[in-house]
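Asks: Only the shape, not the letters, is given here:
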């Protein structure tokens, strides 16, 4: 890589909201950012140096795009890894490394990796198709997850009875015992080339059951120090065992009997880290940039209580997006709105997020509920 | 203006670092930003929706640019005001208002305005040319300032003896008694269309005498509450008397005999507010956007001690910019680097700024000195 980091040509595979927030930080380092995305109207389009429309799954497209940059990163895992491997061989720096993206793309390999490295995770079984699923007589209820291409709550189904077989997937998948958890938690960890490693404080997530997307994220967690420390140690362990360079989001279950189990990991900025923009000394986006440029990692301390809400498209609206209630929520202090520049809304589409900062945790929660009720994306 | 603020087409006259930092915030509201700047490589070029190369002083250029947007603002005062007046008459919203830009463009009118509105300021006299300056036998030492087009320390000269007449300006200017001050201070105030008004906490500035640019900015000030309150009241008074919509930076002298005198004002984001990005609940850039969109103003509280350093081109370098010491300074916690995307450096050119955040004020100052010694812009 250029020793003069500000002359680095950075490429990002994917031009969605994660890329957009990466660019907002990359501007501070004068990085020239190129984006590859299939959508001609991707959120990054207007704010990057170079925008290319193309399929992230296509070998030639990814390879040719990668040849134009010094450093290539991702904001989505579903990319052509063979192209990344070829680029690495030819001297393009790819962070996270292609072998990590390959591993994480396949939830089966991911689970194997956890098992092999003594990372606590729910027991699982690989399944080839629906027939095998039925024949194995797995104890219900259980969760079936597609091995590939699950995203934002898609590709996951709960099987509680034989009637549910109908909605079961017929593709290669993993089957997990239903984990009895009291909370979903997440720790984002960063590691640079030198091996410096830092975790963000553990956060708690409440999911919207209908959309299977994070509804409220609370940072930092108020669970006892020991639990937080344990979660952060597990996250570090995954990062160290992967030898990753970049950011790794580690989503975990805190079970009702007090265990922590890793659910899944993502090698990139993550929805469970959006509150770091205002809530922590360093944002996850700047931390990812620091990590992949092999710069010293930033201080991850929380500066205040932060609640993050995903701003999802309202259920019954499909069309050019309108934002209702912006003025009302901005009347409250400590409300930070991030819209993703998507022209069209559809039910449950992630259109933006809002972070609420307040030194008083109860007030922060109260404001978050107000924002949730008041700010709506319609068409 | 469109009731749906996220569909507002925002135009900015000037595409330098202030525009760049405005865009970084405007992204969060999905605003479509158009930029007019004479420099084909202006800092905003790559990150705005629409970039036009053109002279800010040219009537037709500004008028035609303004016709393409709903809301027009500035990041530099030196623009064609006649064009702005015409645009206002035709329904384009111009904030700050054209009459305010016209007033502030002329330091003579500015000083008259202060006097008429009982805003404390140093005594002054208008001067037409060098001959008048000599003939008036003004008591030395005094300061001569060009009425127009002074910028970043340019257009100001100190006359201490008859020999100094040589460097005196021959253009219309103001002459001020030299103020015996112990500190230069600044308060940034914002006002929206509804008349809601908010000040940022008062900051202290130390100037580099050679470049006449801010060397260290310290926020918040540690002067007694009464002084801070007085400075904030003065800043509010200026904003209210101007009836401004948008941001107004009010630079003041704190004199050795304890008075506060307004030096000059700028109707836009200002160098003395860069530390608000990390150091305050709302940044000056977001506050300007909120003000001109007639949104509720954000909380301006300081969240920590912040020291801001301008990153100026080193004295003996002229050419493509290189940044020396980036890694070293990023090793310290709470160091935030903002580079302005300027390809070429020259002596004292503003190439970026660095903000240092630390709850311990002395540590913040120590780190700021380290950054100042370590981070250099060379070629």
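Replies: It's in. Since we're looking at a predicted model, the values are computed, not measured. Residues are numbered from 1 along each chain as shown, chains lettered A, B, ... in the order given.
Asks: And the helices in the stretch 51-200 of chain A?
Replies: Under the criterion DSSP state H, counting those that start in this stretch, the stretch 51-200 of chain A contains helices at A:59-66, A:81-89, A:98-105, A:107-116, A:130-135.
Asks: Quick one, which of the ones you listed gets closest to chain B.
Replies: helix A:59-66 (17.8 Å; C-beta to the nearest C-beta). All C-beta atoms are positioned from the backbone trio N, CA, C, and that covers glycine.
Asks: Need the residues that contact that closest one.
Replies: A:11, A:13, A:34, A:36, A:52, A:54-56, A:72, A:79-80, A:82-84, A:86-87, A:92, A:94 (C-beta atoms under 8 Å, 6 or more residues apart in numbering or on different chains).
Asks: where does chain A have low pLDDT?
Replies: A:1-3, A:151-153 (pLDDT under 70).
Asks: Work out which residue lies at the spatial centre of it.
Replies: residue A:270 (2.7 Å; C-alpha atoms, centre = their mean).
Asks: list the contacts for that residue?
Replies: A:18, A:186, A:188, A:247, A:249, A:284.
Asks: coming back round to it: export the helices of the stretch 51-200 of chain A as a markdown table, with columns for distance to residue B:5.
Replies: Shown next, in a markdown table, are the helices of the stretch 51-200 of chain A (distance: least, C-beta to C-beta, whole Å):
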| stretch | distance to residue B:5 |
| --- | --- |
| helix A:59-66 | 35 |
| helix A:81-89 | 40 |
| helix A:98-105 | 39 |
| helix A:107-116 | 41 |
| helix A:130-135 | 49 |
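Asks: who touches the closest residue to residue A:182 other than its chain neighbours in this structure?
Replies: Once flanking residues are discounted, residue A:182 sits nearest to residue A:256: 5.1 Å by C-beta to C-beta, 6 or more residues apart in numbering or on different chains. Neighbour list for residue A:256: A:180-182 [criterion: C-beta under 8 Å, 6+ apart].
Asks: now swap in residue A:359 and tell me
Replies: The contact partners of residue A:359, by C-beta under 8 Å, 6+ apart, come to A:304-305.
Asks: ok, now residue A:258?
Replies: Contacts for residue A:258 (C-beta under 8 Å, 6+ apart) come out as residue A:227.
Asks: In three-state terms, label it for me.
Replies: Per DSSP: H, G, I helix; E, B strand; the rest coil, the local secondary structure of residue A:258 is coil.
Asks: Let's test this: what are the backbone torsions at it?
Replies: Dihedral pair for residue A:258: phi 80, psi 10, per degrees, to the nearest 10.
Asks: mind checking how far it is from residue A:66?
Replies: 45 Å (C-beta to C-beta, to the nearest Å).
Asks: Residue A:208 too?
Replies: In terms of C-beta to C-beta, residue A:208 sits 36 Å off from residue A:66.
Asks: which residues sit in contact with residue A:238?
Replies: Counting by C-beta under 8 Å, 6+ apart, residue A:238 has contacts A:114, A:117, A:119, A:189, A:248, A:250, A:262, A:265.
Asks: switch the cut-off to 6 Å
Replies: A:119, A:250, A:265 (C-beta atoms under 6 Å, 6 or more residues apart in numbering or on different chains).
Asks: OK, contacts around the closest residue to residue A:228 other than its chain neighbours?
Replies: Distances taken as C-beta to C-beta, 6+ apart put residue A:202 closest to residue A:228, at 4.6 Å, once the chain neighbours are dropped. For residue A:202, the contacting residues are A:185, A:187, A:221, A:228, A:231, by C-beta under 6 Å, 6+ apart.
Asks: Counting neighbours, what do you get for the third one?
Replies: So that's residue A:221. 21 (other C-beta atoms under 10 Å in any protein chain shown).
Asks: And the one 3 residues further on, by the same measure?
Replies: If you count neighbours by other C-beta under 10 Å, residue A:224 ends up with 9.
Asks: ok, now how distant is it from chain B?
Replies: The gap separating residue A:224 from chain B is 25 Å, by C-beta to the nearest C-beta, to the nearest Å.
Asks: Equivalent analysis for residue A:264, please.
Replies: To chain B, residue A:264 is 29 Å away according to C-beta to the nearest C-beta.
Asks: Please give me every residue in contact with the residue in the stretch 1-150 of chain A positioned nearest to chain B.
Replies: Nearest residue of the stretch 1-150 of chain A to chain B: residue A:30, at 4.3 Å (C-beta to the nearest C-beta). Residue A:30 makes contact with A:6, B:339, B:341 under the criterion C-beta under 6 Å, 6+ apart.
Asks: Now do the phi/psi pair for the second one.
Replies: By that I understand residue B:339. Per degrees, to the nearest 10, the backbone of residue B:339 is at phi -100, psi 150.
Asks: Next, count neighbours for it.
Replies: Neighbours around residue B:339, by other C-beta under 10 Å: 23.
Asks: Surely it touches residue B:352?
Replies: Yes: using C-beta atoms under 6 Å, residue B:339 is in contact with residue B:352, at 4.1 Å.
Asks: Going by neighbour count, which of the contacts of residue A:238 comes out on top?
Replies: residue A:250 leads the contacts of residue A:238 on contacts (other C-beta under 10 Å) with 28 neighbours.
Asks: Make sure I have this right: that residue is in a helix.
Replies: No: Residue A:250: not assigned to a helix; according to three-state DSSP it is strand.
Asks: residue contacts, the nearest residue to it once chain neighbours are set aside?
Replies: Leaving aside its chain neighbours, residue A:250 sits nearest to residue A:235 (4.1 Å; criterion: C-beta to C-beta, 6+ apart). For residue A:235, the contacting residues are A:187, A:189, A:199, A:250, by C-beta under 6 Å, 6+ apart.
Asks: 8 Å instead, please
Replies: A:187-189, A:199, A:248, A:250, A:252.
Asks: ok, how many other residues are close to residue A:319?
Replies: Residue A:319, neighbours per other C-beta under 10 Å, totals 12.
Asks: and residue A:315, helix, strand or coil?
Replies: Counting by three-state DSSP, the backbone at residue A:315 sits in coil.
Asks: what sits against the residue lying closest to residue A:295 once chain neighbours are set aside?
Replies: Of all residues not flanking residue A:295 in the chain, residue B:330 sits nearest, at 5.3 Å (C-beta to C-beta, 6+ apart). Shown in contact with residue B:330 (C-beta under 8 Å, 6+ apart): A:290, A:295-296, A:298, B:337.
Asks: ok, those vs residue A:280, which is closest?
Replies: The shortest approach to residue A:280 among those belongs to residue A:298, at 8.7 Å (C-beta to C-beta).
Asks: What backbone torsions are found at the nearest residue in space to that closest one that is not next to it in sequence?
Replies: Sequence neighbours aside, residue A:282 is the residue nearest to residue A:298 in space, at 3.0 Å (criterion: C-beta to C-beta, 6+ apart). Main-chain dihedrals, residue A:282, degrees, to the nearest 10: phi -130, psi 140.
Asks: what's the span of stretch A:305-324 from first residue to last?
Replies: Across stretch A:305-324, the terminal residues are separated by 26 Å (C-alpha to C-alpha, to the nearest Å).
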